[in-house]
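Trainee: Predicted structure and sequence below. I'll ask about it afterward.
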Amino acid sequence: MTQVAEAVERETQTRAVVKKFMYVNRKAPYGTIYALEGLEVALISAAFDQDVSLAFLDDGVYQLVKGQQTKGLEVKNFSPTYRALEGYDIEKLYVERESLAARGIREDQLLVPVQVVDAKEMAALMEQQDVIIGF
Amino acid sequence: MLHIVNKSPYEKSSLASCLSHALKGSAVLLIEDAVYAVTKGNAAEDTVRRALQDLPVYALGPDLEARGLAGAVIDGVKVVDYGGFVDLVAEHRTSQSWL
């Protein structure tokens, strides 16, 4: 095999590796940069054809609340981007039931369809991942 | 899985959240301000003791020493150095940082 052919072979094999990535969002939007950064990283990994899921727990559930208006803050309202995730094949959005309940948020107040899971189910989902990155 | 926490239990809910998601077979490593949770007499002591019944709990020695608390660690918590930190990461299939 020529060197070029070998390099192509290696590249093909590298591309075939699909890992399960989970981004765990535990921070509210706007107060810190974590939420926006987490969203951007999720989009980047989806561009590499990885198996991406997003988890929202603790204050992270505030990221998905409908009706965010940031004009007064003069910062970008990035919440519509969550609705665009589907277009990047990011369809696994898990929201923790206990975190919603503690904050008085109902599922119908969220801006995108999600799967509501309890903490136990969330822990099991985390265990299935190859890579977990927290924000 | 290795769960890594780096925030004081008084400032953030990271430790509580971590412990409610840590399954049997995983381990918890406390670093930076999270080491305040493993000192004797602190309000999170009961939480740590309960966790110790199901999971190994480690704390990073240099962070305890820097804070003057190396002599006040709850029994059962294992103190590791940076090499031990690396070993823990290598021993577990995945790690998760609770910021």
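Mentor: On my side now, so go ahead.
Trainee: For residue 34, list the residues it contacts.
Mentor: Reading this off chain A. A:25, A:27, A:135, B:99 (C-beta atoms under 8 Å, 6 or more residues apart in numbering or on different chains). C-betas here are computed from N, CA, C, even on glycine.
Trainee: actually chain B
Mentor: Contacts of residue B:34 (C-beta under 8 Å, 6+ apart): B:5-9, B:14-15, B:59.
Trainee: ditto for residue A:93
Mentor: Contact analysis of residue A:93 by C-beta under 8 Å, 6+ apart lists A:53-54, A:56, A:64, A:82, A:85, A:112-115.
Trainee: again, only this time at 6 Å
Mentor: A:54, A:114 (C-beta atoms under 6 Å, 6 or more residues apart in numbering or on different chains).
Trainee: Who wins on neighbours among the contacts of residue B:34?
Mentor: When these are compared by neighbour count (other C-beta atoms under 10 Å in any protein chain shown), residue B:5 ends up highest, at 28 neighbours.
Trainee: That one and residue B:17 touch, don't they?
Mentor: No: in this structure residue B:5 lies outside contact range of residue B:17 using C-beta atoms under 6 Å: 9.0 Å.
Trainee: Out of the contacts of residue A:34, which is nearest to residue B:36?
Mentor: residue B:99 (16.2 Å; C-beta to C-beta).
Trainee: what sits against the closest one?
Mentor: residue A:134.
Trainee: try residue A:85
Mentor: Contacts for residue A:85 (C-beta under 6 Å, 6+ apart) come out as none.
Trainee: That one should be in a helix, yeah?
Mentor: Yes: the assignment for residue A:85 is a helix, going by DSSP: H, G, I helix; E, B strand; the rest coil.
Trainee: got the residue ranges for the strands in chain B?
Mentor: B:2-5, B:27-30, B:57-60, B:78-80, B:95-98 (DSSP state E).
Trainee: Relative to residue A:38, tell me which of those wins on proximity.
Mentor: strand B:95-98 (12.6 Å).
Trainee: Next, the residue nearest the centre of chain A: secondary structure please.
Mentor: Geometric centre of chain A, nearest residue: residue A:54, 3.0 Å, by C-alpha atoms, centre = their mean. Secondary structure, three-state DSSP: residue A:54 is strand.
Trainee: Residues in a beta bridge with it, which ones?
Mentor: Bridge pairing for residue A:54 (DSSP bridges) gives the partners residue A:23, residue A:93.
Trainee: mind listing what it touches?
Mentor: Contacts of residue A:54 by C-beta under 6 Å, 6+ apart are A:23, A:42, A:93.
Trainee: And for residue B:98?
Mentor: So, once contact is read as C-beta under 6 Å, 6+ apart, residue B:98 ends up touching A:134, B:5, B:14, B:18.
Trainee: Need these in a markdown table (columns: pLDDT and distance to residue B:67).
Mentor: As requested, those are exported to a markdown table (pLDDT from 0 to 100; distance: C-beta to C-beta, whole Å):
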| residue | pLDDT | distance to residue B:67 |
| --- | --- | --- |
| A:134 | 96 | 23 |
| B:5 | 98 | 15 |
| B:14 | 97 | 17 |
| B:18 | 98 | 20 |
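Trainee: Just give me the closest of those to residue B:79.
Mentor: Lowest distance from residue B:79 to the contacts of residue B:98 (C-beta to C-beta) belongs to residue B:5, with 15.3 Å.
Trainee: Would you quantify the distance from the closest one to chain A?
Mentor: Computed as C-beta to the nearest C-beta, to the nearest Å, the residue B:5 to chain A distance reads 10 Å.
Trainee: Where do the helices of chain A begin and end?
Mentor: A:3-16, A:34-47, A:80-84, A:97-102, A:119-127 (DSSP state H).
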